[in-house]
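Participant: sequence? don't have it. structure:
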């Protein structure tokens, strides 16, 4: 029997309205009552995910920004791997099609350079919202993740360029066909899950994980059983 359950959020644990359904909440409470560890592993920002954890009513580990940030059950930051400042600056100023939108997770904030009201629907329950900034003058010392939103074909060009130029110094992955995410090269959900399980005396083989995107690939590959959503 597995001793830990790890789950992605969007397209996996959350329903079509990006919320935790009553059935899901009850199921997770039954798991935890049986002594099974439950861990959230998402590309979302940690400030955003706190409200989802509160809706669940459980004290759980939060792996956010695809593994760049990890908080324990007491909401203490136990791991944070940011992008090097110079690399973050290059990603922010990267030449791209004007229709591709730049997003930055900087410390406790979500930063953008232009309004994107459509994407806010993913965060209606939490109320988490972006802040407009001028990236030409903004610091790059606390960047956990840079992500680009746009047409898939245009994002494929960015992905190819970043992989050629940076190699394994960056982890470049799609969370959705229209969302390309970029983290430090050593950051992915699999490494973060392993660290959390080890802290709780568990091995990866004792965990089952659920996910639906390419940013879940390492996590699904490394655990005892990886389950891909339909």
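Facilitator: Thanks, I have it. Predicted, not measured: the structure shown is a model, and the values here were computed from it.
Participant: strands of this structure, residue ranges please.
Facilitator: 4-7, 37-41, 61-64, 69-71, 77-80, 101-106, 109-112, 131-132, 143-149, 170-176, 179-184, 207-211, 225-228 (DSSP state E).
Participant: turn those strands into TSV, columns for mean neighbour count.
Facilitator: No exception for glycine: its C-beta is placed from N, CA and C like everyone else's. Listed next are those as TSV, based on neighbours: other Cβ atoms under 10 Å:
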stretch	mean neighbour count
strand 4-7	23
strand 37-41	22
strand 61-64	25
strand 69-71	23
strand 77-80	14
strand 101-106	22
strand 109-112	18
strand 131-132	10
strand 143-149	24
strand 170-176	20
strand 179-184	24
strand 207-211	24
strand 225-228	14
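Participant: in a markdown table: those strands, plus distance to residue 157 and mean pLDDT.
Facilitator: As requested, those are arranged in a markdown table below (distance: least, Cβ to Cβ, whole Å; pLDDT from 0 to 100):
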| stretch | distance to residue 157 | mean pLDDT |
| --- | --- | --- |
| strand 4-7 | 32 | 98 |
| strand 37-41 | 28 | 97 |
| strand 61-64 | 28 | 97 |
| strand 69-71 | 28 | 97 |
| strand 77-80 | 30 | 94 |
| strand 101-106 | 15 | 97 |
| strand 109-112 | 21 | 97 |
| strand 131-132 | 26 | 96 |
| strand 143-149 | 10 | 98 |
| strand 170-176 | 12 | 95 |
| strand 179-184 | 10 | 98 |
| strand 207-211 | 25 | 98 |
| strand 225-228 | 27 | 98 |
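Participant: out of those strands, nearest to residue 29?
Facilitator: strand 37-41 (9.4 Å; Cβ to Cβ).
Participant: chain center to the closest one: distance?
Facilitator: 13 Å (Cα atoms, centre = their mean, to the nearest Å).
Participant: so what strands line up beside it?
Facilitator: strand 4-7 (parallel), strand 61-64 (parallel) (DSSP bridges).
Participant: could you give the angle of that strand to strand 207-211?
Facilitator: Following axes from the mean of the first three to the mean of the last three Cα atoms, to 10 degrees, one obtains 30 degrees for the angle between strand 37-41 and strand 207-211.
Participant: who touches strand 37-41?
Facilitator: 3-9, 13, 28, 31-32, 49, 52-53, 58, 60-64, 67, 189, 192-193, 196-197, 200, 202, 209, 211, 216, 219 (Cβ atoms under 8 Å, 6 or more residues apart in numbering).
Participant: now do residue 182 against residue 26, distance only.
Facilitator: Distance, residue 182 to residue 26, using Cβ to Cβ, to the nearest Å: 37 Å.
Participant: possible to save the strands paired with strand 37-41 as TSV with distance to residue 130?
Facilitator: Output for the strands paired with strand 37-41, formatted as TSV (distance: least, Cβ to Cβ, whole Å):
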stretch	distance to residue 130
strand 4-7	25
strand 61-64	16
